[in-house]
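Enquirer: what follows is a protein structure lacking sequence information:
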């Protein structure tokens, strides 16, 4: 009798015939894609380096972010990952200060955004707080939060007009807070842009 081969994956059968008839069923496990049992230490380090280069070529990353991605693979180990990261730093391909400044500068150019929002974003990107603070000092020295919040308000007014009641003022207030601007600054700006309407009530 001719056997029917059935591959097994981690999620179960990849193909399951409903009727076998007179055929016997042969089951063998599917070899894991990440299986690196036969890799030599040198091959493993090269694979780690190649993956690192591919990841940072796709987009800029912080050191901690890259480390986390490299360690996702079962064949990777901490020693190889740290060796690769050290090499990339030496080559100038990894630099958290440059990454944080470039990331924050780009975000501010794309849309008006406050410091608190960028602090959260850089924390999510696993940039150390001291490095993030230094980068943000430089970014907001070039363009102040007050200038940026004025831009955000101007854009909102172009799209929806000035707040004509307290509900619309609160909507603007909440939007500016979500953009990461300071509470006190948001309050002052919303009151200023809404004052004439509220005085008429």
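Expert: That came through, no problem. Since this is a predicted model, take the numbers as computed values, not measurements.
Enquirer: for residue 107, which non-adjacent residue is closest in space?
Expert: residue 113 (5.5 Å; Cβ to Cβ, 6 or more residues apart in numbering). Backbone N, C-alpha and C define where each C-beta goes, glycine included.
Enquirer: what about the one you found, how many neighbours?
Expert: Neighbours of residue 113 under the rule other Cβ atoms under 10 Å: 23.
Enquirer: give me the low-pLDDT residue ranges for this protein?
Expert: 1-37, 195-201 (pLDDT under 70).
Enquirer: which stretches in it count as helices?
Expert: 41-58, 63-70, 78-91, 96-110, 115-124, 129-142, 145-160, 166-178, 183-199 (DSSP state H).
Enquirer: could you dump those into CSV with mean neighbour count added?
Expert: Shown next, in CSV, are the helices of the chain (neighbours: other Cβ atoms under 10 Å):
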stretch, mean neighbour count
helix 41-58, 15
helix 63-70, 18
helix 78-91, 15
helix 96-110, 17
helix 115-124, 16
helix 129-142, 15
helix 145-160, 15
helix 166-178, 16
helix 183-199, 14
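Enquirer: for the residue most central in space within the chain, give me its contacts.
Expert: When Cα atoms, centre = their mean is applied to the chain, the residue found nearest the centroid is residue 125 (5.6 Å). Counting by Cβ atoms under 8 Å, 6 or more residues apart in numbering, residue 125 makes contact with 61, 62, 65, 99, 100, 103.
Enquirer: between these, which is nearest residue 172?
Expert: residue 103 (27.0 Å; Cβ to Cβ).
Enquirer: what sits against that closest one?
Expert: So residue 103 contacts 60, 121, 122, 125, 135 (Cβ under 8 Å, 6+ apart).
Enquirer: and for residue 63?
Expert: 85, 89, 94, 96, 126.
Enquirer: gap between it and residue 177?
Expert: 31 Å (Cβ to Cβ, to the nearest Å).
Enquirer: ok, residue 166 next?
Expert: 16 Å.
Enquirer: for residue 193, same thing?
Expert: 15 Å.
Enquirer: likewise for residue 165?
Expert: Taking Cβ to Cβ, one finds residue 165 at 19 Å from residue 177.
Enquirer: ditto for residue 89
Expert: From residue 89 to residue 177 the distance is 37 Å (Cβ to Cβ).
Enquirer: with residue 183 instead?
Expert: Residue 183 is 7 Å from residue 177, by Cβ to Cβ.
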